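**Student:** What shape does this take:
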Amino acid sequence: MKKVLFLGKNNRLLISLILIIPLLSRASELDELATTQRLLDQVQLSLDRARTVAAQSDPNNRRRYLFDYKKANEDLNTMRAGIDRYTQPSRAQPLDYGKVSGDYTRGRPLWR
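**Tutor:** This is a model prediction of the structure:
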């Protein structure tokens, strides 16, 4: 004699929620990462504006150390690539995306 498992309405709802919640959290994570990508784009635009202002400023009023825009842009691209690879993986294992330097000062050239 076979036993038939009967689930009431409440149990079916509970099981459905248990199965759906991980999918919703994944969608939420992807939404947050998409927001992060947009914020990185805004940071890129802000860095571009700052670089323009620095290039147009009076050379006599410049500081001893200059902001290293190239290194900052490389780090932004590293972060973007890491997020892209995570959200659209091409293989099962994560790759090493490199390290973000975090140091964006460089000495002012002495020959100016």
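**Student:** centre of the chain versus the helix or strand bottoming out on mean pLDDT in the chain, how much separation?
**Tutor:** Least confident helix or strand of the chain, by mean pLDDT, DSSP states H and E, is strand 105-107 with a mean of 74. With Cα atoms, centre = their mean, to the nearest Å as the basis, strand 105-107 stands 25 Å off its chain's centre.
**Student:** can you check stretch 40-47 too?
**Tutor:** Centre to centre, stretch against its chain (Cα atoms, centre = their mean), the figure for stretch 40-47 is 12 Å.
**Student:** same check, this time on stretch 65-80
**Tutor:** Using Cα atoms, centre = their mean, the offset of stretch 65-80 from its chain centre is 14 Å.
**Student:** buried sites along it?
**Tutor:** 69, 71-72, 75-76, 79-80 (16 or more other Cβ atoms under 10 Å). Backbone N, C-alpha and C define where each C-beta goes, glycine included.
**Student:** For that stretch, give the mean pLDDT please.
**Tutor:** In this model, stretch 65-80 has an average pLDDT of 91.
**Student:** that older thread, tell me the one among the buried residues of stretch 65-80 nearest to residue 42.
**Tutor:** The closest of the buried residues of stretch 65-80 to residue 42 turns out to be residue 76 (Cβ to Cβ; 10.6 Å).
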